[in-house]
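**Student:** the sequence and its predicted three-dimensional model are supplied below.
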Amino acid sequence: MFGSSKKILEIDLDSEEVRTRVLKADLYRTFVGGSSFAARLFVDYRGCESKPLQPESPLFVMAGPMVGTNFPGTSRFVVCARSPLTGIWGESASGGTFGADLKKAGFDGMVVSGKSRKPCYILIDDTVVSVVDAAALWGLDTYQTIDALKIQHKGNRPVRVMTIGPAGEKLVKFASICNDKAHYFGRTGMGAVMGSKNLKAVVVRGTGKVSIADEDAYQAARNVTLANIKETMIAASFHDLGTAAAMDMGMLTGDVPIKNWTIGEDYEMAAALGGPAIHEKILKGRIACFACPIGCKPVVEVNHGRYAVAKGPGPEYETCAAFGTMILNDNLKAVAHINELCNRLGLDTITCGSTIAFMMECYEKGLLNRNDLDGLELTWGNLAAVVAMVKKIAWREGFGERAAEGSQALAAYIGGAAAESVVTVKKLELPMHDPRAFHGLGLAYMNSNRGACHLQHSVQAVEQGMVSWPEIGFEDDYPATVSNGKAKMVCICEEIGQMANAVCVCHFVHWAMGFTHLLSGFNAITGYGFDVQMFLECGRRAWVLKRALNNIMGVRVEDDRLPPRVLTAVSEGGAAGSVPDQDLMRKQYYQIRGLDERGFPTPQLLKFSDLEFLQKPLASV
């Protein structure tokens, strides 16, 4: 085995027992790593049989075979469990250096079960693993926790820390996990899963080396890949302007959601919140994840005023939209302040911002009032009320107890017309990209296995013309606001995206390097000798596996739908008058993907994907 140790940690927090499990090599060739591997292990650990936040519900932290090498972009790792927000398959990915250190400590990942009797953290110091008392850390925010643990475990090589904040401790359904301050597992509430186990943090220090099958081929592939990345507009744009570069271009195409998805354009707001504005007003530098040649992460500072922010991690595009355009706020310094608040408290900014935008619309329509909201006037752009509500959510205080369940659960509580203002797929709030502007993206939202997501596939890059990969069957052009004929493209993009999340490579770096270079690096590291088709087959298997798990946990054809809000046309902007034809796209997609009328994988698809062991559990639901 190369690129993998064949070992994962099993940690039972009930007994504080730590075991090392050695896995079979054929599992790696079949499921590769990352979230694909976690999904396969989810079957072994009977994850579908436990409910979210129950002690027996397993929590997976997994890296991929390329992580820990210095191949460009291979910094990612994943956290997976049954999501407390959606009730189905949950996964979230992050970059930084933690994943590389986990691999260098000699482990491909870990599975945590049970619940500690008291707050604890897991310490992985190379091959020495222990469960440590964390009573003194409980209640601290994420930055405070990371600082304390880095001091406590100071050594010749610094430790890497992933931790929850108060929101995770309070089991907020969209609690995030902070990874060394600048990186986050935001989506699907993985922070709440850690909190439910009384697990405050995981600390790792690894000093070993990840084995590589062919060093000469690896160095050649790496050199060519680095040269290719440096010549791309993707790399230049992300390096110079960060992910917030998407704000200005997105406003032209109609991609940016405004006022809870009800308005099609606002160029002044885009100018106030986008990449150039961050660069000119608050940017102090950029940092890069491990083995990243781009360095898109903003470092910002606001020196004074009510929205002061100490020099540190700044807002990405998603946050600039979620706490900017979505709530009619054009104050960039306020966005940076709220971003830091969410970072410290441990909240997913997408779901949090979307839930507050939903509440603002309910307030405007008279479905909520000041008495409901603990005296807050949650009007559009009222930043004092937003800051107060973010804190209430994280600590589950007052109305924050309700809002901490997410927008869809909150709509059910409010009742009446509130459901019309919810914008979710499979209970997960949409990321900040409008499917009315790009219909293929809408289809990918519908079928994403963790709920609405733009990073479970590569549709965004392909449909927007950022990449061209004819070697895997893509055409030159996919008209953005056309629904017919998008299904095949989406299927291929899902397979690519699943492999990015299996080998654990950054999507942005992957888009810049191209498909062929990624495959060359993968083969040089693992020695698998995969061709294009074999690589994509692994991606298809990962998608079908997660889909089958979701079917067992309750997903049906009616869940593969877009919310009514984004099936209602806006009257202005680049997507004016455009609405995806979700029925046509779903029909074409099911035929190509191989799903039956219920939305289940057919027996033929399971057999073709080497997943026949799932036929019996699927037949029983």
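**Tutor:** Cool, the structure landed.
**Student:** and the residue lying farthest from the centre of the chain, what element?
**Tutor:** For the chain, the largest distance from the centre (Cα atoms, centre = their mean) belongs to residue 371, which lies 34.9 Å off. Assigned by DSSP states H and E, residue 371 falls within no helix or strand.
**Student:** any idea how far residue 438 is from residue 460?
**Tutor:** Applying Cβ to Cβ, to the nearest Å, the value for residue 460 to residue 438 is 7 Å. Every C-beta, even on glycine, is put in place using the N, C-alpha and C of the backbone.
**Student:** out of these two, which sits in the busier spot?
**Tutor:** residue 438 (29 against 23; other Cβ atoms under 10 Å).
**Student:** apart from its neighbours in sequence, what residue is nearest residue 56?
**Tutor:** Using Cβ to Cβ, 6 or more residues apart in numbering and skipping the chain neighbours, the partner closest in space to residue 56 is residue 50 (4.7 Å).
**Student:** how about residue 80: which residues does it bridge to?
**Tutor:** In this entry, residue 80 is beta-bridged to residue 60, residue 91, by DSSP bridges.
**Student:** picking up where we left off before, tell me which residues touch the residue nearest to residue 56, please.
**Tutor:** The contact partners of residue 50, taken as Cβ atoms under 8 Å, 6 or more residues apart in numbering, are 56, 57, 58, 82.
**Student:** run a quick neighbour tally on residue 313.
**Tutor:** Neighbour number of residue 313 under other Cβ under 10 Å is 22.
**Student:** for residue 226, same thing?
**Tutor:** A count of nearby residues for residue 226, using other Cβ under 10 Å, gives 15.
**Student:** helices and strands around the helix or strand containing it, which ones?
**Tutor:** Using DSSP H and E, residue 226 falls within helix 215-230. When contacts are defined as 3 or more Cβ pairs under 8 Å, 6 or more residues apart in numbering; DSSP states H and E, helix 215-230 packs onto helix 507-513, helix 515-526.
**Student:** distance of the residue nearest the centre of the chain from residue 175?
**Tutor:** Taking Cα atoms, centre = their mean, the centroid of the chain lies closest to residue 92, which sits 4.1 Å from it. Separation of residue 92 from residue 175 (Cβ to Cβ): 11 Å.
**Student:** quick check: neighbours shared by those two?
**Tutor:** residue 190.
**Student:** going through the contacts of residue 50, which ones are buried?
**Tutor:** Listed as buried from those are 57, 58, 82; burial here means 16 or more other Cβ atoms under 10 Å.
**Student:** who are the neighbours in contact with residue 546?
**Tutor:** 35, 39, 89, 449.
**Student:** out of those, who has the most neighbours?
**Tutor:** If you count neighbours using other Cβ under 10 Å, the busiest of those is residue 35, which has 34 neighbours.
**Student:** what helix or strand is it on?
**Tutor:** Assigned by DSSP H and E, residue 35 belongs to helix 34-44.
**Student:** so what touches that helix?
**Tutor:** Against helix 34-44 from outside (Cβ under 8 Å, 6+ apart): 8, 27-28, 30-31, 48, 58, 60, 62-64, 76-78, 80, 89, 91, 93, 108-109, 111, 498-499, 501-504, 538, 541-542, 545-546, 549, 613-614.
**Student:** show the buried residues in those residues.
**Tutor:** Among the contacts of helix 34-44, those buried by neighbour count (16+ other Cβ under 10 Å) are 8, 27-28, 30-31, 48, 58, 60, 62-64, 76-78, 80, 89, 91, 93, 108-109, 111, 498-499, 501-504, 538, 541-542, 545-546, 549, 614.
**Student:** how many neighbouring residues does residue 397 have?
**Tutor:** Residues near residue 397, counting by other Cβ under 10 Å: 15.
**Student:** circling back to that earlier point, next, the residue farthest from the centre of the chain: phi, psi?
**Tutor:** With angles defined as degrees, to the nearest 10, residue 371 sits at phi -60, psi -40.
**Student:** for it, give its distance to residue 183.
**Tutor:** Distance of residue 371 to residue 183, computed by Cβ to Cβ: 40 Å.
**Student:** if I look at residue 51, how far off is residue 546?
**Tutor:** 18 Å.
**Student:** return the backbone torsion pair for residue 404.
**Tutor:** Main-chain torsions, residue 404, degrees, to the nearest 10: phi -70, psi -10.
**Student:** isn't it up against residue 168?
**Tutor:** No: with contact defined as Cβ atoms under 8 Å, residue 404 does not count as touching residue 168 (11.2 Å).
**Student:** if we can go back for a sec, out of the contacts of residue 50, who's nearest residue 423?
**Tutor:** residue 82 (23.0 Å; Cβ to Cβ).
**Student:** the closest one contacts residue 60, doesn't it?
**Tutor:** No: counting by Cβ under 8 Å, residue 82 stays clear of residue 60, with 10.6 Å between them.
**Student:** can you tell me the helix or strand for residue 299?
**Tutor:** Going by DSSP H and E, residue 299 is part of strand 297-302.
**Student:** who touches that strand?
**Tutor:** Applying Cβ under 8 Å, 6+ apart, the external contacts of strand 297-302 come out as 182-183, 242, 244, 278, 282-289, 308-316, 333, 336-337.
**Student:** what does stretch 120-132 give?
**Tutor:** 9, 11, 13, 16, 18, 102, 105-107, 110, 112, 116, 133-134, 137, 149, 153, 159, 163, 198-208.
**Student:** buried ones in that stretch, by neighbour count?
**Tutor:** Quick answer for stretch 120-132 (16+ other Cβ under 10 Å): 120, 121, 122, 123, 124, 125, 126, 129, 131, 132.
**Student:** in stretch 230-248, what counts as buried?
**Tutor:** Quick answer for stretch 230-248 (16+ other Cβ under 10 Å): 232, 234-235, 237-239, 241-248.
**Student:** an error on my part: the question was meant for stretch 142-152.
**Tutor:** Buried residues in stretch 142-152 (16+ other Cβ under 10 Å): 142, 143, 145, 146, 148, 149, 150.
**Student:** may I see those residues organised as JSON lines, with pLDDT and distance to residue 424 added?
**Tutor:** Putting the buried residues of stretch 142-152 into JSON lines (pLDDT from 0 to 100; distance: Cβ to Cβ, whole Å) gives the following:
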{"residue": "142", "pLDDT": "98", "distance to residue 424": "26"}
{"residue": "143", "pLDDT": "98", "distance to residue 424": "30"}
{"residue": "145", "pLDDT": "98", "distance to residue 424": "30"}
{"residue": "146", "pLDDT": "98", "distance to residue 424": "31"}
{"residue": "148", "pLDDT": "98", "distance to residue 424": "36"}
{"residue": "149", "pLDDT": "98", "distance to residue 424": "35"}
{"residue": "150", "pLDDT": "98", "distance to residue 424": "37"}
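**Student:** thanks a lot, see you next time.
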